[in-house]
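*Asks:* generate a structure from the sequence data that follows.
(chains A and B)
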Amino acid sequence: EPEVTQTPSHQVTQMGQEVILRCVPISNHLYFYWYRQILGQKVEFLVSFYNNEISEKSEIFDDQFSVERPDGSNFTLKIRSTKLEDSAMYFCASTGDFRDLQHFGDGTRLSIL
Amino acid sequence: KNEVEQSPQNLTAQEGEFITINCSYSVGISALHWLQQHPGGGIVSLFMLSSGKKKHGRLIATINIQEKHSSLHITASHPRDSAVYICAAYYGGATNKLIFGTGTLLAVQP
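*Replies:* Just a heads-up that it's a prediction; the model follows:
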């Protein structure tokens, strides 16, 4: 069964550094999402992406964040200058229809030191 | 404000027991998702429903639109069902994001 894959599984970065989290959504899906989960808290929406542009973003998704679909298969989340509070599990999800189930990757655990 | 509440927060059951996890939401939704989060952190979508009931194996999800309430039932529970179960609301319209509840940590003991 096709699945969403995320790399790396764990990323450790110094505060202030840039980090890129990578996702390969399911190949025929059209809608892509990033969510994050701070340890012990609920999953929070960051951004949705459709037709090569952001369709919605949360107030968490400030100017330090950006998303890209550089080559038609990868979907990346970039954090320009990481802060301690960016430490969280980041999940990528995709779906073929926004009214359908979203398929999640296993997440990238980001630790900012 | 769009909020999603779950109960209980923690649930311990004996193997074979029938389990119910509840979810309520504050305003009208287009659909309600149930997801499972494994101890390692990965998330798996279980159901999406906008009315009635859905069944998959030993899992049953129901929704009552008028009461803004959904339940996830697990029949003949097994230790491998131990996980966090999360409901998430999809409000539709101009948004296609999910709004997540806080999750229910289920431990099924042998």
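*Asks:* okay, now the closest residue in space to A:Phe98 that isn't next to it in sequence: neighbour count?
*Replies:* Leaving aside its sequence neighbours, A:Phe98 sits nearest to B:Asn96 (Cβ to Cβ, 6 or more residues apart in numbering or on different chains; 3.9 Å). (Glycine included, C-beta is placed from N, CA and C.) For B:Asn96, the neighbour count with other Cβ atoms under 10 Å in any protein chain shown is 21.
*Asks:* and for B:Ser71?
*Replies:* Neighbour number of B:Ser71 under other Cβ under 10 Å is 17.
*Asks:* am I right that it is in contact with B:Leu59?
*Replies:* No. Assessed by Cβ atoms under 8 Å, B:Ser71 is found out of contact with B:Leu59, at 11.1 Å.
*Asks:* can you give me the strands for chain B?
*Replies:* B:4-7, B:10-14, B:19-25, B:31-37, B:43-49, B:52-56, B:59-64, B:69-74, B:83-90, B:98-100, B:104-109 (DSSP state E).
*Asks:* can you list these in CSV and add distance to A:Tyr90 and mean pLDDT?
*Replies:* CSV is the format used below for those (distance: least, Cβ to Cβ, whole Å; pLDDT from 0 to 100):
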stretch, distance to A:Tyr90, mean pLDDT
strand B:4-7, 21, 94
strand B:10-14, 25, 97
strand B:19-25, 24, 96
strand B:31-37, 14, 95
strand B:43-49, 12, 93
strand B:52-56, 28, 95
strand B:59-64, 27, 96
strand B:69-74, 25, 97
strand B:83-90, 16, 95
strand B:98-100, 14, 93
strand B:104-109, 21, 97
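*Asks:* quick check: which of those is nearest to A:Thr95?
*Replies:* strand B:43-49 (9.1 Å; Cβ to Cβ).
*Asks:* quick one: that closest one to strand B:69-74, angle?
*Replies:* 120 degrees (axes from the mean of the first three to the mean of the last three Cα atoms, to 10 degrees).
*Asks:* any idea how far strand B:43-49 is from the chain center?
*Replies:* 8 Å (Cα atoms, centre = their mean, to the nearest Å).
*Asks:* who in chain A is up against chain B?
*Replies:* A:31, A:33, A:35, A:37, A:42-45, A:48, A:50, A:55-56, A:58, A:89, A:91, A:93, A:98-107, A:109 (Cβ under 8 Å from any Cβ of the partner chain).
*Asks:* the residues you listed in strands, which ones?
*Replies:* Using DSSP E, the residues of chain A next to chain B in strands are A:31, A:33, A:35, A:37, A:44-45, A:48, A:50, A:55-56, A:89, A:91, A:93, A:103-104, A:109.
*Asks:* one step back: type out the ChimeraX command that picks the buried ones from the residues of chain A next to chain B.
*Replies:* Typed into ChimeraX, the line below selects the buried ones among the residues of chain A next to chain B, using 16 or more other Cβ atoms under 10 Å in any protein chain shown:
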select /A:31,33,35,37,42,43,44,45,48,55,56,58,89,91,93,98,101,102,103,104,105,106,107,109
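*Asks:* start to end distance for stretch A:1-19?
*Replies:* Start-to-end span of stretch A:1-19 (Cα to Cα, to the nearest Å) is 30 Å.
*Asks:* just stretch A:92-107 next, same as before
*Replies:* First-to-last residue span, stretch A:92-107, Cα to Cα: 7 Å.
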